[in-house]
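**Student:** prediction below, plus the sequence it came from.
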Number of protein chains: 2
Amino acid sequence: MPQVKFDITITLDGYVAGPNQSVENPLGEGADGIHEWALKTRAFAEIHGRQGGETGANDDVLRESFENVGAHLMGRNMFGGGPGPWGDDAWRGWWGDEPPFRTPVFVLTHHEREPLAMDGGTTFHFVTDGIESALEQATEAAGGRDVHISGGARTAQQYLAAGLIDEMELHVVPQLLGGGERLLDNLDGAGIRLEQVRAIEAPDVTHLKYRVLK
Amino acid sequence: MPQVKFDITITLDGYVAGPNQSVENPLGEGADGIHEWALKTRAFAEIHGRQGGETGANDDVLRESFENVGAHLMGRNMFGGGPGPWGDDAWRGWWGDEPPFRTPVFVLTHHEREPLAMDGGTTFHFVTDGIESALEQATEAAGGRDVHISGGARTAQQYLAAGLIDEMELHVVPQLLGGGERLLDNLDGAGIRLEQVRAIEAPDVTHLKYRVLK
(Lines give C-alpha, C1' and ligand atoms only; values in the text may rest on other atoms or scores of the structure.)
Protein backbone atom coordinates (compact mmCIF):
# COMPACT_ATOMS: atom_id res chain seq x y z
CA MET A 1 0.00 0.00 0.00
CA PRO A 2 1.39 3.42 -0.86
CA GLN A 3 1.80 5.66 2.17
CA VAL A 4 1.20 9.33 2.79
CA LYS A 5 4.11 10.42 4.93
CA PHE A 6 6.08 13.37 6.11
CA ASP A 7 9.20 13.99 8.09
CA ILE A 8 10.33 17.19 9.67
CA THR A 9 12.99 18.50 12.01
CA ILE A 10 11.70 19.79 15.33
CA THR A 11 13.39 21.15 18.41
CA LEU A 12 12.98 19.37 21.71
CA ASP A 13 10.36 21.96 22.65
CA GLY A 14 8.40 21.17 19.50
CA TYR A 15 9.21 24.04 17.16
CA VAL A 16 9.91 23.74 13.45
CA ALA A 17 10.76 27.43 13.16
CA GLY A 18 11.64 30.20 15.57
CA PRO A 19 9.82 33.44 16.27
CA ASN A 20 9.49 36.24 13.69
CA GLN A 21 9.60 34.22 10.49
CA SER A 22 9.87 36.33 7.35
CA VAL A 23 10.67 35.93 3.68
CA GLU A 24 14.25 36.89 4.44
CA ASN A 25 14.38 34.60 7.46
CA PRO A 26 11.99 31.71 6.76
CA LEU A 27 13.17 29.68 9.75
CA GLY A 28 12.67 32.54 12.18
CA GLU A 29 15.08 33.56 14.90
CA GLY A 30 17.46 31.09 16.47
CA ALA A 31 16.60 28.18 14.21
CA ASP A 32 19.48 28.45 11.74
CA GLY A 33 21.15 25.32 12.94
CA ILE A 34 18.26 22.95 13.31
CA HIS A 35 18.71 21.31 9.89
CA GLU A 36 22.45 20.91 10.28
CA TRP A 37 22.19 17.15 10.83
CA ALA A 38 20.60 16.78 7.35
CA LEU A 39 22.74 19.30 5.49
CA LYS A 40 25.85 17.36 6.43
CA THR A 41 24.74 14.07 4.91
CA ARG A 42 25.79 12.47 1.67
CA ALA A 43 22.12 11.95 0.75
CA PHE A 44 21.57 15.71 0.93
CA ALA A 45 24.60 16.37 -1.24
CA GLU A 46 23.48 13.80 -3.80
CA ILE A 47 19.96 15.10 -4.29
CA HIS A 48 21.41 18.56 -4.83
CA GLY A 49 23.80 17.15 -7.41
CA ARG A 50 26.90 17.56 -5.27
CA GLN A 51 29.68 15.31 -4.02
CA GLY A 52 30.72 14.55 -0.46
CA GLY A 53 28.79 14.50 2.76
CA GLU A 54 28.72 12.18 5.74
CA THR A 55 27.45 8.65 5.81
CA GLY A 56 25.98 6.99 8.92
CA ALA A 57 22.66 6.96 10.72
CA ASN A 58 21.60 10.47 9.69
CA ASP A 59 22.42 9.75 6.05
CA ASP A 60 20.47 6.49 6.19
CA VAL A 61 17.40 8.13 7.68
CA LEU A 62 17.37 11.02 5.22
CA ARG A 63 17.91 8.67 2.28
CA GLU A 64 15.05 6.48 3.44
CA SER A 65 12.72 9.47 3.57
CA PHE A 66 13.10 9.91 -0.22
CA GLU A 67 12.80 6.24 -1.03
CA ASN A 68 9.78 5.00 -2.88
CA VAL A 69 8.36 8.53 -3.19
CA GLY A 70 6.34 9.01 -6.37
CA ALA A 71 5.07 12.52 -5.72
CA HIS A 72 5.65 15.42 -3.37
CA LEU A 73 3.13 17.85 -1.98
CA MET A 74 3.85 21.20 -0.34
CA GLY A 75 2.47 24.54 0.75
CA ARG A 76 3.07 27.61 -1.36
CA ASN A 77 5.68 29.05 0.99
CA MET A 78 7.70 25.90 0.55
CA PHE A 79 7.58 26.29 -3.23
CA GLY A 80 8.89 29.79 -2.90
CA GLY A 81 6.59 32.07 -1.05
CA GLY A 82 6.52 35.71 -0.20
CA PRO A 83 3.95 38.11 -1.54
CA GLY A 84 6.30 39.69 -4.06
CA PRO A 85 7.27 37.14 -6.64
CA TRP A 86 4.28 34.85 -6.26
CA GLY A 87 1.84 36.71 -8.48
CA ASP A 88 4.41 36.67 -11.24
CA ASP A 89 4.27 33.55 -13.38
CA ALA A 90 7.89 34.09 -14.34
CA TRP A 91 8.78 33.18 -10.72
CA ARG A 92 10.08 29.63 -10.67
CA GLY A 93 10.30 29.10 -6.90
CA TRP A 94 13.44 29.05 -4.86
CA TRP A 95 14.62 25.54 -5.65
CA GLY A 96 16.80 26.52 -8.61
CA ASP A 97 16.59 25.17 -12.15
CA GLU A 98 16.96 21.58 -11.01
CA PRO A 99 14.93 21.08 -7.82
CA PRO A 100 15.78 18.02 -5.72
CA PHE A 101 12.32 16.43 -5.86
CA ARG A 102 12.58 14.72 -9.27
CA THR A 103 8.89 13.79 -9.22
CA PRO A 104 5.64 15.67 -9.77
CA VAL A 105 5.22 18.21 -6.96
CA PHE A 106 1.78 19.48 -5.98
CA VAL A 107 1.73 22.99 -4.54
CA LEU A 108 -1.22 24.19 -2.45
CA THR A 109 -2.14 27.71 -3.45
CA HIS A 110 -4.97 30.09 -4.20
CA HIS A 111 -3.26 31.29 -7.37
CA GLU A 112 -4.10 29.35 -10.52
CA ARG A 113 -1.17 28.66 -12.73
CA GLU A 114 -0.06 26.28 -15.48
CA PRO A 115 2.25 23.41 -14.49
CA LEU A 116 5.91 24.36 -14.38
CA ALA A 117 8.37 21.77 -15.67
CA MET A 118 11.89 22.05 -14.29
CA ASP A 119 15.11 20.22 -15.08
CA GLY A 120 15.77 16.82 -13.57
CA GLY A 121 12.24 15.43 -13.48
CA THR A 122 10.47 17.89 -11.19
CA THR A 123 7.20 19.41 -12.40
CA PHE A 124 5.31 21.77 -10.12
CA HIS A 125 1.51 21.50 -10.32
CA PHE A 126 -0.51 24.24 -8.66
CA VAL A 127 -3.64 23.10 -6.87
CA THR A 128 -6.29 25.62 -5.89
CA ASP A 129 -9.13 23.38 -4.70
CA GLY A 130 -7.87 22.24 -1.34
CA ILE A 131 -5.79 19.68 0.47
CA GLU A 132 -7.91 16.64 -0.34
CA SER A 133 -7.86 17.33 -4.05
CA ALA A 134 -4.12 17.91 -3.92
CA LEU A 135 -3.60 14.59 -2.19
CA GLU A 136 -5.79 12.79 -4.71
CA GLN A 137 -3.82 14.24 -7.58
CA ALA A 138 -0.52 13.45 -5.91
CA THR A 139 -1.59 9.90 -5.14
CA GLU A 140 -2.56 9.35 -8.76
CA ALA A 141 0.66 10.88 -10.04
CA ALA A 142 2.69 8.74 -7.62
CA GLY A 143 1.54 5.66 -9.51
CA GLY A 144 1.55 3.29 -6.56
CA ARG A 145 4.52 4.83 -4.79
CA ASP A 146 4.32 7.00 -1.66
CA VAL A 147 3.29 10.63 -1.40
CA HIS A 148 5.67 12.77 0.63
CA ILE A 149 4.29 15.89 2.31
CA SER A 150 7.34 18.11 2.13
CA GLY A 151 6.12 20.97 4.32
CA GLY A 152 5.88 23.46 5.69
CA ALA A 153 4.72 22.61 9.14
CA ARG A 154 1.30 24.14 8.60
CA THR A 155 0.71 21.93 5.60
CA ALA A 156 1.76 18.80 7.48
CA GLN A 157 -0.49 19.92 10.34
CA GLN A 158 -3.49 20.31 8.03
CA TYR A 159 -3.03 16.80 6.67
CA LEU A 160 -2.58 15.38 10.17
CA ALA A 161 -5.70 17.11 11.42
CA ALA A 162 -7.64 15.77 8.43
CA GLY A 163 -6.58 12.21 9.25
CA LEU A 164 -4.76 11.85 5.94
CA ILE A 165 -1.26 10.96 7.18
CA ASP A 166 -0.11 7.36 7.51
CA GLU A 167 3.36 7.86 8.90
CA MET A 168 5.46 10.69 10.28
CA GLU A 169 9.06 10.93 11.33
CA LEU A 170 10.23 13.68 13.64
CA HIS A 171 13.91 14.54 13.67
CA VAL A 172 14.29 15.87 17.22
CA VAL A 173 17.26 18.16 17.73
CA PRO A 174 18.59 19.08 21.19
CA GLN A 175 17.66 22.73 21.01
CA LEU A 176 15.03 24.90 22.64
CA LEU A 177 13.55 27.81 20.71
CA GLY A 178 11.02 29.00 23.27
CA GLY A 179 8.73 30.40 20.59
CA GLY A 180 7.84 30.19 16.94
CA GLU A 181 5.85 27.65 14.97
CA ARG A 182 5.01 24.36 16.65
CA LEU A 183 4.27 21.30 14.54
CA LEU A 184 1.92 19.55 16.93
CA ASP A 185 -0.38 22.43 17.72
CA ASN A 186 -3.81 23.30 16.33
CA LEU A 187 -4.77 19.63 16.28
CA ASP A 188 -7.41 19.87 19.01
CA GLY A 189 -10.20 17.50 18.47
CA ALA A 190 -8.48 15.66 15.66
CA GLY A 191 -8.35 12.61 17.95
CA ILE A 192 -5.06 11.45 16.49
CA ARG A 193 -3.79 8.17 17.86
CA LEU A 194 -0.20 7.17 17.25
CA GLU A 195 1.88 4.05 17.39
CA GLN A 196 5.62 4.28 17.92
CA VAL A 197 7.38 2.61 14.99
CA ARG A 198 11.02 3.16 15.92
CA ALA A 199 13.55 5.52 17.43
CA ILE A 200 17.03 5.99 16.03
CA GLU A 201 19.73 7.73 18.03
CA ALA A 202 22.08 9.57 15.70
CA PRO A 203 24.68 12.32 16.05
CA ASP A 204 22.99 15.47 17.42
CA VAL A 205 19.47 14.27 16.60
CA THR A 206 17.05 11.46 17.38
CA HIS A 207 14.71 10.20 14.67
CA LEU A 208 11.28 9.22 15.98
CA LYS A 209 8.89 7.49 13.60
CA TYR A 210 5.16 7.03 14.28
CA ARG A 211 2.22 5.46 12.48
CA VAL A 212 -1.12 7.19 12.64
CA LEU A 213 -3.73 4.66 13.69
CA LYS A 214 -6.91 4.81 11.62
CA MET B 1 30.53 14.97 40.71
CA PRO B 2 26.99 14.60 42.06
CA GLN B 3 24.35 15.57 39.52
CA VAL B 4 21.11 17.46 39.75
CA LYS B 5 18.74 15.57 37.50
CA PHE B 6 15.15 14.97 36.68
CA ASP B 7 13.19 12.70 34.45
CA ILE B 8 9.59 13.04 33.41
CA THR B 9 7.10 11.49 31.03
CA ILE B 10 5.91 13.78 28.26
CA THR B 11 3.60 13.29 25.33
CA LEU B 12 4.92 13.78 21.81
CA ASP B 13 3.35 17.23 21.81
CA GLY B 14 5.23 18.12 24.97
CA TYR B 15 2.63 17.85 27.71
CA VAL B 16 3.17 16.34 31.15
CA ALA B 17 -0.49 16.70 32.06
CA GLY B 18 -3.71 17.28 30.16
CA PRO B 19 -6.14 20.18 30.41
CA ASN B 20 -8.25 20.87 33.52
CA GLN B 21 -5.97 19.47 36.19
CA SER B 22 -7.55 19.26 39.63
CA VAL B 23 -6.96 17.65 42.99
CA GLU B 24 -9.24 14.81 41.94
CA ASN B 25 -7.61 14.55 38.52
CA PRO B 26 -3.99 15.67 38.96
CA LEU B 27 -2.97 14.52 35.48
CA GLY B 28 -5.78 16.41 33.77
CA GLU B 29 -7.95 15.08 31.01
CA GLY B 30 -6.77 12.41 28.64
CA ALA B 31 -3.44 11.77 30.36
CA ASP B 32 -4.38 8.72 32.41
CA GLY B 33 -2.27 6.37 30.35
CA ILE B 34 0.92 8.36 29.92
CA HIS B 35 2.76 6.70 32.85
CA GLU B 36 1.72 3.20 31.86
CA TRP B 37 5.21 2.31 30.60
CA ALA B 38 6.62 2.96 34.11
CA LEU B 39 3.78 1.43 36.13
CA LYS B 40 4.31 -1.90 34.37
CA THR B 41 7.97 -2.26 35.32
CA ARG B 42 9.53 -4.42 37.99
CA ALA B 43 11.45 -1.39 39.30
CA PHE B 44 8.17 0.40 39.98
CA ALA B 45 6.76 -2.63 41.78
CA GLU B 46 9.89 -2.95 43.90
CA ILE B 47 10.04 0.63 45.13
CA HIS B 48 6.41 0.29 46.15
CA GLY B 49 7.22 -2.92 48.02
CA ARG B 50 5.39 -5.18 45.60
CA GLN B 51 6.30 -8.24 43.54
CA GLY B 52 6.13 -8.73 39.79
CA GLY B 53 6.39 -6.28 36.92
CA GLU B 54 8.15 -6.39 33.58
CA THR B 55 11.87 -6.34 32.97
CA GLY B 56 13.47 -4.91 29.83
CA ALA B 57 14.44 -1.48 28.55
CA ASN B 58 11.74 0.43 30.43
CA ASP B 59 12.62 -1.30 33.67
CA ASP B 60 16.31 -0.56 33.15
CA VAL B 61 15.68 3.13 32.48
CA LEU B 62 13.39 3.59 35.47
CA ARG B 63 15.79 1.72 37.74
CA GLU B 64 18.67 3.88 36.58
CA SER B 65 16.73 7.04 37.42
CA PHE B 66 16.71 6.05 41.11
CA GLU B 67 20.33 4.97 41.19
CA ASN B 68 22.80 6.99 43.16
CA VAL B 69 20.10 9.38 44.37
CA GLY B 70 20.84 10.75 47.83
CA ALA B 71 17.97 13.20 48.12
CA HIS B 72 14.76 14.10 46.33
CA LEU B 73 13.24 17.52 45.84
CA MET B 74 9.65 18.29 44.83
CA GLY B 75 6.91 20.90 44.67
CA ARG B 76 4.16 20.93 47.24
CA ASN B 77 1.57 19.48 44.88
CA MET B 78 3.80 16.48 44.37
CA PHE B 79 4.03 15.95 48.13
CA GLY B 80 0.27 15.96 48.33
CA GLY B 81 -1.26 19.22 47.32
CA GLY B 82 -4.71 20.63 47.23
CA PRO B 83 -5.82 23.54 49.36
CA GLY B 84 -7.77 21.37 51.76
CA PRO B 85 -5.41 19.14 53.64
CA TRP B 86 -2.30 21.21 53.24
CA GLY B 87 -2.78 23.60 56.12
CA ASP B 88 -3.32 20.67 58.43
CA ASP B 89 -0.08 19.34 59.89
CA ALA B 90 -1.74 15.99 60.42
CA TRP B 91 -1.74 15.60 56.61
CA ARG B 92 1.07 13.24 55.66
CA GLY B 93 0.95 13.63 51.88
CA TRP B 94 -0.42 11.13 49.43
CA TRP B 95 2.49 8.72 49.32
CA GLY B 96 1.22 6.43 52.08
CA ASP B 97 3.05 5.46 55.27
CA GLU B 98 6.07 4.16 53.38
CA PRO B 99 6.82 6.52 50.48
CA PRO B 100 9.04 5.15 47.71
CA PHE B 101 11.77 7.79 48.00
CA ARG B 102 13.73 6.28 50.92
CA THR B 103 15.92 9.39 51.21
CA PRO B 104 15.43 12.90 52.60
CA VAL B 105 12.84 14.70 50.44
CA PHE B 106 12.77 18.49 50.24
CA VAL B 107 9.35 19.97 49.56
CA LEU B 108 9.03 23.52 48.21
CA THR B 109 6.23 25.32 50.03
CA HIS B 110 5.17 28.57 51.64
CA HIS B 111 3.89 26.75 54.70
CA GLU B 112 6.44 26.23 57.48
CA ARG B 113 6.32 22.86 59.07
CA GLU B 114 8.49 20.49 61.09
CA PRO B 115 10.16 17.60 59.23
CA LEU B 116 7.96 14.58 58.78
CA ALA B 117 9.63 11.17 59.16
CA MET B 118 7.92 8.33 57.37
CA ASP B 119 8.55 4.58 57.30
CA GLY B 120 11.24 3.17 55.05
CA GLY B 121 13.78 5.98 55.19
CA THR B 122 11.83 8.88 53.73
CA THR B 123 11.77 12.15 55.69
CA PHE B 124 9.97 15.14 54.22
CA HIS B 125 11.61 18.51 54.90
CA PHE B 126 9.57 21.62 54.14
CA VAL B 127 11.51 24.50 52.62
CA THR B 128 10.01 27.97 52.54
CA ASP B 129 12.93 30.08 51.36
CA GLY B 130 13.06 29.26 47.68
CA ILE B 131 14.42 26.84 45.11
CA GLU B 132 18.10 27.63 45.56
CA SER B 133 17.96 27.06 49.30
CA ALA B 134 16.05 23.82 48.77
CA LEU B 135 18.69 22.59 46.34
CA GLU B 136 21.50 23.53 48.72
CA GLN B 137 19.84 21.61 51.52
CA ALA B 138 19.14 18.63 49.28
CA THR B 139 22.71 18.62 47.96
CA GLU B 140 24.07 18.59 51.49
CA ALA B 141 21.66 15.86 52.57
CA ALA B 142 22.58 13.78 49.52
CA GLY B 143 26.10 13.45 50.87
CA GLY B 144 27.87 13.24 47.54
CA ARG B 145 25.14 11.38 45.72
CA ASP B 146 22.75 12.91 43.15
CA VAL B 147 19.74 15.11 43.79
CA HIS B 148 16.62 14.03 41.91
CA ILE B 149 14.01 16.68 41.14
CA SER B 150 10.89 14.56 41.32
CA GLY B 151 8.40 17.08 39.96
CA GLY B 152 5.97 18.41 39.18
CA ALA B 153 6.69 19.88 35.82
CA ARG B 154 6.59 23.43 37.14
CA THR B 155 9.27 22.65 39.68
CA ALA B 156 11.51 21.02 37.06
CA GLN B 157 10.89 24.05 34.84
CA GLN B 158 11.93 26.46 37.58
CA TYR B 159 15.19 24.63 38.12
CA LEU B 160 15.84 24.45 34.38
CA ALA B 161 15.19 28.16 33.98
CA ALA B 162 17.56 28.90 36.86
CA GLY B 163 20.34 26.89 35.20
CA LEU B 164 20.49 24.44 38.08
CA ILE B 165 19.86 21.16 36.20
CA ASP B 166 22.72 18.98 34.97
CA GLU B 167 20.82 16.24 33.23
CA MET B 168 17.26 15.52 32.18
CA GLU B 169 15.60 12.49 30.70
CA LEU B 170 12.30 12.79 28.86
CA HIS B 171 10.20 9.68 28.48
CA VAL B 172 8.32 10.49 25.26
CA VAL B 173 5.06 8.60 24.82
CA PRO B 174 3.26 8.39 21.46
CA GLN B 175 0.24 10.40 22.52
CA LEU B 176 -1.04 13.87 21.76
CA LEU B 177 -2.92 15.80 24.43
CA GLY B 178 -3.49 19.04 22.54
CA GLY B 179 -3.55 21.07 25.74
CA GLY B 180 -2.54 21.09 29.38
CA GLU B 181 0.82 21.68 31.04
CA ARG B 182 3.92 21.71 28.86
CA LEU B 183 7.29 20.98 30.38
CA LEU B 184 9.43 23.05 28.06
CA ASP B 185 7.48 26.28 28.21
CA ASN B 186 8.11 29.43 30.19
CA LEU B 187 11.84 29.11 29.64
CA ASP B 188 12.19 32.17 27.42
CA GLY B 189 15.47 33.85 27.84
CA ALA B 190 16.94 31.09 29.96
CA GLY B 191 19.37 30.43 27.08
CA ILE B 192 19.46 26.73 27.81
CA ARG B 193 21.85 24.75 25.63
CA LEU B 194 21.54 20.99 25.51
CA GLU B 195 23.66 18.07 24.44
CA GLN B 196 22.03 14.81 23.45
CA VAL B 197 23.35 12.04 25.69
CA ARG B 198 21.40 9.06 24.40
CA ALA B 199 18.09 7.81 23.05
CA ILE B 200 16.61 4.47 24.01
CA GLU B 201 13.74 2.96 22.04
CA ALA B 202 11.53 0.91 24.34
CA PRO B 203 8.00 -0.49 24.20
CA ASP B 204 5.53 2.38 23.75
CA VAL B 205 8.01 5.07 24.80
CA THR B 206 11.37 6.53 23.82
CA HIS B 207 13.75 7.72 26.51
CA LEU B 208 15.71 10.83 25.53
CA LYS B 209 18.50 11.97 27.83
CA TYR B 210 20.16 15.38 27.61
CA ARG B 211 22.93 17.23 29.42
CA VAL B 212 22.50 20.90 30.12
CA LEU B 213 25.65 22.70 28.96
CA LYS B 214 26.94 25.26 31.42
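**Tutor:** Happy to help now that I have it. Only a predicted model underlies this, so the values are computations on that prediction, with no experimental measurement involved. Numbers count the residues shown, from 1 in each chain, chains lettered A, B, ... in the order given.
**Student:** contacts, neighbours, all on C-alpha from now
**Tutor:** Fine.
**Student:** next helix or strand past the helix or strand bottoming out on mean pLDDT in chain A?
**Tutor:** The helix or strand of chain A with the lowest confidence, counting by mean pLDDT, DSSP states H and E, is helix A:83-86 at a mean of 51. Counting by DSSP states H and E, the next helix or strand C-terminal to helix A:83-86 is strand A:104-108.
**Student:** so which elements touch the next helix or strand after that next one?
**Tutor:** Sequence order places strand A:116-117 as the next helix or strand after strand A:104-108, per DSSP H and E. Packing contacts for strand A:116-117, counted by 3 or more Cα pairs under 8 Å, 6 or more residues apart in numbering or on different chains; DSSP states H and E, involve strand A:123-127.
**Student:** quick one: mean pLDDT for the strand it packs on?
**Tutor:** Mean pLDDT, strand A:123-127: 96.
**Student:** hmm, who's touching it?
**Tutor:** A:102-118, A:133-134 (Cα atoms under 8 Å, 6 or more residues apart in numbering or on different chains).
**Student:** out of those residues, which end up buried?
**Tutor:** A:102, A:103, A:104, A:105, A:106, A:107, A:108, A:109, A:116, A:117, A:118, A:134 (16 or more other Cα atoms under 10 Å in any protein chain shown).
**Student:** please tabulate these in TSV, including the columns pLDDT.
**Tutor:** TSV is the format used below for those (pLDDT from 0 to 100):
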residue	pLDDT
A:102	93
A:103	97
A:104	98
A:105	98
A:106	98
A:107	96
A:108	96
A:109	92
A:116	94
A:117	96
A:118	96
A:134	98
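**Student:** what's near enough to touch residue A:73?
**Tutor:** If you count contacts by Cα under 8 Å, 6+ apart, then residue A:73 has A:105, A:106, A:107, A:108, A:134, A:135, A:138, A:147, A:148, A:149, A:150, A:151 around it.
**Student:** can you count the residues close to the nearest residue to the fifth one once chain neighbours are set aside?
**Tutor:** In space, residue A:134 comes closest to residue A:127 once its chain neighbours are excluded; the distance is 6.0 Å by Cα to Cα, 6 or more residues apart in numbering or on different chains. Other residues within reach of residue A:127, judged by other Cα atoms under 10 Å in any protein chain shown, total 24.
**Student:** tell me the bridge partners for residue A:127.
**Tutor:** Counting by DSSP bridges, residue A:127 is bridged to residue A:108.
**Student:** contact partners for residue A:149?
**Tutor:** Residue A:149 is in contact with A:4, A:5, A:6, A:7, A:72, A:73, A:74, A:155, A:156, counting by Cα under 8 Å, 6+ apart.
**Student:** excluding sequence neighbours, find me the nearest residue to the last one.
**Tutor:** Closest residue to residue A:156 in three dimensions, ignoring its sequence neighbours and counting by Cα to Cα, 6+ apart: residue A:149, at 6.4 Å.
**Student:** and that neighbour, which of the three is it?
**Tutor:** Put simply, residue A:149 is strand when judged by DSSP: H, G, I helix; E, B strand; the rest coil.
**Student:** could I get the pLDDT score of it?
**Tutor:** Here, the pLDDT recorded for residue A:149 equals 97.
**Student:** got it, and the one 3 residues further on?
**Tutor:** If you check residue A:152, the pLDDT there is 87.
**Student:** what's the answer for residue A:200, then?
**Tutor:** Looking at residue A:200, its pLDDT stands at 98.
**Student:** and it, how many neighbours?
**Tutor:** Neighbour number of residue A:200 under other Cα under 10 Å is 19.
**Student:** what's it sitting at in phi/psi?
**Tutor:** Per-residue torsions, residue A:200: phi -120, psi 120 (degrees, to the nearest 10).
**Student:** which residue ranges of chain A form helices?
**Tutor:** Counting by DSSP state H, chain A has helices at residues A:36-39, A:42-47, A:57-66, A:76-80, A:83-86, A:131-142, A:153-161.
**Student:** what's the spacing between the residue nearest to the spatial centre of chain A and chain B?
**Tutor:** The centroid of chain A falls nearest to residue A:150 when counting by Cα atoms, centre = their mean (2.2 Å). Distance, residue A:150 to chain B, using Cα to the nearest Cα, to the nearest Å: 20 Å.
**Student:** if I pick that residue, what's in contact with it?
**Tutor:** A:6, A:7, A:72, A:73, A:74, A:78, A:156.
**Student:** how about residue A:183: what's its closest non-neighbour residue?
**Tutor:** For residue A:183, the closest residue by Cα to Cα, 6+ apart turns out to be residue A:153, at 5.6 Å.
**Student:** repeat that for residue A:99.
**Tutor:** Nearest non-adjacent residue to residue A:99, counting by Cα to Cα, 6+ apart: residue A:122, 6.4 Å away.
**Student:** please apply the same query to residue A:29.
**Tutor:** Nearest to residue A:29 is residue A:18, by Cα to Cα, 6+ apart, at 4.9 Å.
**Student:** and the one you found, what's its pLDDT?
**Tutor:** On the pLDDT scale, residue A:18 gets 91.
**Student:** same check on residue A:88?
**Tutor:** pLDDT at residue A:88 comes out at 67.
**Student:** what do you get for the one 5 residues further on?
**Tutor:** The model reports residue A:93 with a pLDDT of 85.
**Student:** show me the shaky parts of chain A.
**Tutor:** For chain A, applying pLDDT under 70 flags the ranges A:81-88, A:189.
**Student:** quick check: residues of it near chain B?
**Tutor:** Proximity of chain A to chain B (Cα under 8 Å from any Cα of the partner chain) is limited to residues A:13-14, A:174-176, A:178-179, A:184-188, A:192-196, A:198-201, A:204-206, A:210.
**Student:** many thanks, I have nothing further to ask.
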